[in-house]
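*Asks:* Task: produce atomic coordinates for the following.
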Amino acid sequence: MVSVSAVIPTYNGTRYLVDAVQSALTQTYELLEIIVVDDGSEADIEKILAPFFPKVKYVRQENAGPAAARNHGISIAKGDLIALLDDDDMWHPTKTAVQVQRMIENPECGLVYSYQELIDEQGRVIPNEAPTEFPSGSVYREFLTKNRIGTPSATLIRREVFEKIGLFDETRECISCEDYDLWLRISGNFDVMFCPGTLVSYRVRNSGISQNLDKHLKAHHYVFNKLISQHIESPKLTDREFYAAFGFNLHHTLKRFAYGYYYIVENRTKARCLMLAVLRKHPFCLKDILYFIIFSMPDPLFRVLRKTKQELADACLSLQLKS
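*Replies:* Modelled structure (predicted):
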């Protein structure tokens, strides 16, 4: 029987940690171990987990970030396969069983992933349109165009993968993109397989590191620079293939952050700068030109546009809930 170790990093995860742990304990495929790594929390995580001892192993480290916490758990795990679970996400009962079977059927596969359903802070499912395709096999070029895995909680990884390509990048500048950096390194060296089914619930929260646009943008730049260095040193694709996929990713990433700065944090100066960078690379895209014009609007017009956009979004959501 293939053994599976669950690794759950946490930092002050007092609100949802118990739900995450219980979702691991109720897997239909028996886990070898469940390791919770406390990343220097101020809260008494050990006390919260005490009712689950000895089924759950508690480990504490000095605060060093989520990548270091995951790496600590992976380094002490004994399973053939590593299943990562963030402390605010949840697995559905058959998640491990289905993904293990997918892994067994594909011996060349280093990582199995699934698409996650979205839930809000109260655990209610958020209507969401899934991507139309989920690449499997030799997927480095597809993963280079964009991150295909929404959360580490949706993955199952062979131990030998980490032995070959290393662990999560613990560099502070990489925080919030350390998972994408790892998926790129894995897909450049192993097959990656998609596993269908609703197996993971990803919690969308109003706060958290992924909501900090400045840090998140810097993390993307860090990973992009690292990608170019890795390609120069040890190319997985031809220059033409690499830079076409990389350019596509960079283009859409800059646009996504421009929208975020404009609509979420209302930093229109930053939004215009990012859209200008987009236009320098693709000066003839009419949609990008239109957005740059919108981002350059005076404040009164911006507020009207923002209100109208929100009203349309609310109306669309209402229709989805009724259907």
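*Asks:* what residues does the strand or helix carrying residue 20 touch?
*Replies:* Residue 20 is part of helix 17-25 when elements are defined by DSSP states H and E. Helix 17-25 has contacts (C-beta atoms under 8 Å, 6 or more residues apart in numbering) with 6, 8, 10, 13, 31, 34, 36, 45, 48-49, 52, 55-56, 85-93, 123. C-beta here means a position set from N, CA and C on the backbone, and glycine is covered the same way.
*Asks:* Keep only those of those residues that are in strands.
*Replies:* Among the contacts of helix 17-25, the residues falling in strands (DSSP state E) are 6, 8, 10, 34, 36, 56, 90-91.
*Asks:* can you redo the residues you listed as a markdown table with neighbour count?
*Replies:* A markdown table is the format used below for those (neighbours: other C-beta atoms under 10 Å):
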| residue | neighbour count |
| --- | --- |
| 6 | 28 |
| 8 | 27 |
| 10 | 26 |
| 34 | 25 |
| 36 | 28 |
| 56 | 18 |
| 90 | 24 |
| 91 | 24 |
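*Asks:* just the residues you listed now: which is nearest residue 203?
*Replies:* Taking C-beta to C-beta as the measure, residue 203 sits nearest to residue 90 out of the ones in strands among the contacts of helix 17-25, at 7.7 Å.
*Asks:* how far away is the closest residue to residue 177 other than its chain neighbours from residue 233?
*Replies:* Once flanking residues are discounted, residue 177 sits nearest to residue 219: 3.8 Å by C-beta to C-beta, 6 or more residues apart in numbering. Residue 219 is 21 Å from residue 233, where distance means C-beta to C-beta, to the nearest Å.
*Asks:* One more: residue 304?
*Replies:* Distance of residue 304 to residue 233, computed by C-beta to C-beta: 51 Å.
*Asks:* do the same with residue 257
*Replies:* In this view, residue 257 and residue 233 are 27 Å apart by C-beta to C-beta.
*Asks:* which one of these two has more residues nearby?
*Replies:* Counting neighbours by other C-beta atoms under 10 Å for residue 257 and for residue 233 shows that residue 257 has the greater number, 22 against 7.
*Asks:* which secondary structure element contains that one?
*Replies:* Going by DSSP H and E, residue 257 is in helix 239-259.
*Asks:* Check residue 110 too.
*Replies:* strand 109-113.
*Asks:* could you say what helices and strands that strand packs with?
*Replies:* helix 95-105, strand 155-158, helix 159-165, helix 178-187, strand 191-194 (3 or more C-beta pairs under 8 Å, 6 or more residues apart in numbering; DSSP states H and E).
*Asks:* try 10 Å this time
*Replies:* strand 81-84, helix 95-105, strand 155-158, helix 159-165, helix 178-187, strand 191-194 (3 or more C-beta pairs under 10 Å, 6 or more residues apart in numbering; DSSP states H and E).
*Asks:* Which one of those lies nearest to residue 138?
*Replies:* Among the helices and strands packed on strand 109-113, strand 191-194 sits nearest to residue 138 (C-beta to C-beta), with 6.2 Å.
*Asks:* which residues are in contact with the helix or strand that that closest one is followed by?
*Replies:* Counting by DSSP H and E, the next helix or strand C-terminal to strand 191-194 is strand 200-203. With contact meaning C-beta atoms under 10 Å, 6 or more residues apart in numbering, strand 200-203 is reached by 15-16, 19-20, 23, 85-92, 95, 99, 113-123, 125-126, 128, 150-155.
*Asks:* re the thing from before, got the angle for the helix or strand just after the helix holding residue 257 vs helix 239-259?
*Replies:* From helix 239-259 onward toward the C-terminus, using DSSP H and E, the following helix or strand is helix 268-281. Orientation of helix 268-281 against helix 239-259 (axes from the mean of the first three to the mean of the last three C-alpha atoms, to 10 degrees) gives an angle of 160 degrees.
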